[in-house]
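In: Pasting a predicted model and its sequence here:
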Amino acid sequence: MSPEVLSTPVAETVKTPDRAHSRARAARKRKVAVGSARALVLVAVLGLWEALSRAEVIDPFNFSMPSKIWDQIWTWIMHGTSLGSLGEQIWYTLYEALLGWVFGVVAGVILGIALGRITFLADVLGPYIKVLNSIPRIVLAPIFVIWFGLGPVSKVASAVVLVFFPVFFNAFQGAREVDRNLVANARILGASDRRVTLQVVIPSATSWIFTSLHVSFGFALIGAIVGEYIGATKGIGLLVAQSQGTFNAAGVYAAMVILAAVALVAEGLLTFAERRIFRWKPTDSGD
C-alpha cells in the first residue's frame, strides 16, 4: 500500500479532534462573555437606579432603591412577614401556580390534540374557544373569588384559564402540522387511530407543546398573584397588596424580585427537561 493512501486518514483523525476542541473552547468563551455582559447590564441598571434615587432625581418614596429593596427581602427572610414566614408565602403561591399550571397544561394538551385530530370537533367547538379566548381572562379572577372564596381554589382557577389557551393553541397547531407521510406510513403498517395519535401525533407535537410550557408557567404565576391580590389569606400577591396599602414601594419591588427568582428557577428546570427530552435535536450554531 502506498504512503499517499495512508496519509489522508491520519490527517483527518488529527483535524477532527482539534476542530471539536476549538469549537468547545469558543462556546465556553462565548458563554463567559454573555454571562459577563448580563452581569454588567444588571449592575449598571441597579447602580444607576440607586444613584438617581439617592440624588432624588427620581422620587425615592415612589420608586424606592435597590438597597431598600434588599433590606426588605432580608427582613422578610430573617424575621418573616406579617402573614408568617417568607418561605410559607412563597410555597403557598407556588402551590397554587403549580396546580393551575398542571391542570391547564393537561386540559390544553388533551383538547388541543383532540381538536387537531378530529375536524368535526374542531368545527363545532372552534368558535366557542375563540370567543372564550377573546375575553380578558384577568377580569375572571374576581368572579372566581366570589365563586370559590379566598382559599387556593380561586387562585388555581385563575391560573388554569391563563395557562389553558396558549397550551391549547400550540397543541392544536402541533397536531395539525404533523407530517402526513408519517401518518400515512403508520396506517399502511396497520396502526389504528389511537396508535397513530399516541405514537406519531403526540411525539411530533411535543416540541410545539414545550414551547408553550415556557410561557404558560409565567401565566400561572400571574393568575395566582392576581387572585391573591384581589383576596387571599396568604401568599406573595397578598404581600404586594399589603405593601401597596401601606405605601411601601420597597415591599412591592421585593415581592416582584422574589417572583422573578421563582420564575427563573422554573424556566431553568423546564429548559433542562426540554434538553433532556430533545437530545436528538441539533443545537443552534450560536450555542
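Out: Perfect, I can see it now.
In: model confidence over the helix or strand W70 falls within, on average?
Out: Following DSSP states H and E, one finds W70 within helix 66-79. Averaged over helix 66-79, pLDDT sits at 90.
In: How far does the helix or strand where A33 lies sit from its chain's centre?
Out: Per DSSP H and E, A33 falls inside helix 3-54. In terms of CA atoms, centre = their mean, to the nearest Å, the centre of helix 3-54 is set 26 Å apart from its chain centre.
In: just checking, next helix/strand downstream of that helix?
Out: Using DSSP H and E, the helix or strand that follows helix 3-54 towards the C-terminus is helix 60-63.
In: on that earlier part again, report the rounded mean pLDDT for the helix holding A33.
Out: 76.
In: which helices and strands does it pack with?
Out: helix 60-63, helix 66-79 (3 or more CB pairs under 8 Å, 6 or more residues apart in numbering; DSSP states H and E). Yep, even glycine has a C-beta here, placed from its N, CA and C like the rest.
In: most neighbours per residue, which of the ones you listed?
Out: Of all those, helix 66-79 has the most neighbours on average by mean count of other CB atoms under 10 Å, namely a mean of 16.
In: on that earlier part again, name the residues of whichever helix or strand comes after the helix holding W70 that come out as buried.
Out: On the C-terminal side of helix 66-79, the nearest following helix or strand under DSSP H and E is helix 86-117. Within helix 86-117, the residues that qualify as buried by neighbour count (16 or more other CB atoms under 10 Å) are 86, 89-90, 92-94, 96-101, 103-105, 108-109, 111-117.
In: what do you get for stretch 253-270?
Out: Y253, A254, A255, I258, L259, V262, A263, A266.
In: wait, the fourth one sits on G235?
Out: To tie it back to what came earlier, the one meant is I258. No. Taking contacts as CB atoms under 8 Å, I258 lies outside contact range of G235: 11.2 Å.
In: To what extent is the nearest residue to E267 once chain neighbours are set aside buried, counted in neighbours?
Out: Of all residues not flanking E267 in the chain, H214 sits nearest, at 6.4 Å (CB to CB, 6 or more residues apart in numbering). Per other CB atoms under 10 Å, the neighbour tally for H214 reads 14.
In: Let me know the helix or strand that H214 is in.
Out: Per DSSP H and E: helix 202-230 holds H214.
In: Please read off the pLDDT at V196 from the model.
Out: Reported pLDDT for V196: 67.
In: er, K281 actually
Out: For K281, pLDDT reads 57.
In: do the same with the one 3 residues further on
Out: The score at D284 is 50. That number is its pLDDT.
In: Enumerate every residue touching the residue nearest the centre of the chain.
Out: Against the mean C-alpha coordinate of the chain, by CA atoms, centre = their mean, the closest residue is H214 at 3.1 Å. Residues near H214 by CB atoms under 8 Å, 6 or more residues apart in numbering: E267, L270, T271.
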